[in-house]
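*Asks:* sequence unknown, structure follows:
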């Protein structure tokens with residue numbers, strides 16, 4: 001799958017201007033122009049919701065800002081969602 005000048009193994013739906021994109025078995029974010037805005041370095045990733053994405057790195061989940069920096073470093077064991085789709089980090 002190609003977006004702009006880059007080739008990806010998979011691209012999920014766009015949310016808040018970015019889409020999760022997989023390269024070399026790792027996930028990052030691509031913008032509408034096909035530019036990687038957050039490098040593919042995560043094991044798993046969930047689309048942005050209210051400016052925050054959940055990302056898994058080294059077996060732990062954390063909260064990611066749109067610029068790719070951590071809002072909450074990976075400390076969670078998973079992510080849950082309530083009946084309205086609001087996500088929460090599962091912390092042991």
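*Replies:* Great, that's in hand. Computed from a prediction, not measured in an experiment: that's the story for all the values here.
*Asks:* didn't residue 40 look like it was pressed against residue 11?
*Replies:* No. The pair formed by residue 40 and residue 11 falls short of the contact definition of Cβ atoms under 8 Å, at 11.3 Å. Every residue, glycine included, has its C-beta placed from N, CA and C.
*Asks:* How about the residue sitting nearest the centre point of the chain: what's its closest non-neighbour residue?
*Replies:* Compute the mean C-alpha point of the chain, and by Cα atoms, centre = their mean the closest residue is residue 45, 3.5 Å away. What sits nearest to residue 45 in space, not counting adjacent residues and going by Cβ to Cβ, 6 or more residues apart in numbering, is residue 27, at 4.0 Å.
*Asks:* Where does the prediction get shaky in the protein?
*Replies:* Counting by pLDDT under 70, the low-confidence segments of the chain come to 1-6.
*Asks:* Can you pull the phi and psi angles for residue 51?
*Replies:* Dihedral pair for residue 51: phi 80, psi 10, per degrees, to the nearest 10.
*Asks:* Residue 54 reaches residue 43, doesn't it?
*Replies:* No. Using Cβ under 8 Å, residue 54 is not in contact with residue 43, being 11.6 Å away.
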